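Asks: Quick one: sequence plus predicted model below, questions after.
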Amino acid sequence: RSGESGRLFGSVTPADVVEAVRAAGGPEIDRRRVEIAEPIKSVGTHVVTVRVHSEVSAKISLEVVAS
């Protein structure tokens, strides 16, 4: 949920990212492998990192929308 200014009530968590990837038909991801550089507290496009392996990571774009 967000206010009129686009600011979220709370922030997006790694568990939220995992659920969004799952809902989009993506692969199963362990929430402990999701790295969010700074708290996501606004609508818009944000980039998060998923550590696939100790030496391999992937960046994914996440579109946060108001509900």
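Replies: Cool, the structure landed.
Asks: In PDB, list the C-alpha atoms belonging to stretch 6-23.
Replies: What follows is stretch 6-23 as a C-alpha-only set of coordinates in PDB (Å, rounded to 0.1, in the frame of the first residue of the first chain):
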ATOM      1  CA  GLY A   6       3.800   7.200  -4.000                       C
ATOM      2  CA  ARG A   7       5.600   6.500  -0.700                       C
ATOM      3  CA  LEU A   8       5.000   3.000   0.700                       C
ATOM      4  CA  PHE A   9       3.700   2.200   4.200                       C
ATOM      5  CA  GLY A  10       6.600   0.000   5.100                       C
ATOM      6  CA  SER A  11       9.200  -1.300   2.700                       C
ATOM      7  CA  VAL A  12       9.700  -4.100   0.200                       C
ATOM      8  CA  THR A  13      11.400  -7.200   1.800                       C
ATOM      9  CA  PRO A  14      13.300 -10.000   0.300                       C
ATOM     10  CA  ALA A  15      10.300 -12.200   0.900                       C
ATOM     11  CA  ASP A  16       8.200  -9.800  -1.100                       C
ATOM     12  CA  VAL A  17      10.700 -10.100  -4.000                       C
ATOM     13  CA  VAL A  18      10.600 -13.900  -3.800                       C
ATOM     14  CA  GLU A  19       6.800 -13.900  -4.000                       C
ATOM     15  CA  ALA A  20       6.700 -11.500  -6.900                       C
ATOM     16  CA  VAL A  21       9.200 -13.700  -8.900                       C
ATOM     17  CA  ARG A  22       7.100 -16.800  -8.100                       C
ATOM     18  CA  ALA A  23       3.900 -15.000  -9.200                       C
END
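Asks: now the helices: where do they sit in the protein?
Replies: 14-23 (DSSP state H).
Asks: what ranges do the strands span in it?
Replies: Per DSSP state E, the chain carries strands over the ranges 7-12, 34-35, 40-42, 44-53, 56-64.
Asks: what does the fourth one rub up against?
Replies: To tie it back to what came earlier, the one meant is strand 44-53. For strand 44-53, the external contacting residues (C-beta atoms under 8 Å, 6 or more residues apart in numbering) are 6, 12, 17, 29, 33-37, 40, 57-64. C-betas here are computed from N, CA, C, even on glycine.
Asks: make it 7 Å
Replies: For strand 44-53, the surrounding residues in contact (C-beta atoms under 7 Å, 6 or more residues apart in numbering) are 17, 29, 33-36, 40, 57-64.
Asks: This completes my enquiry, with thanks.
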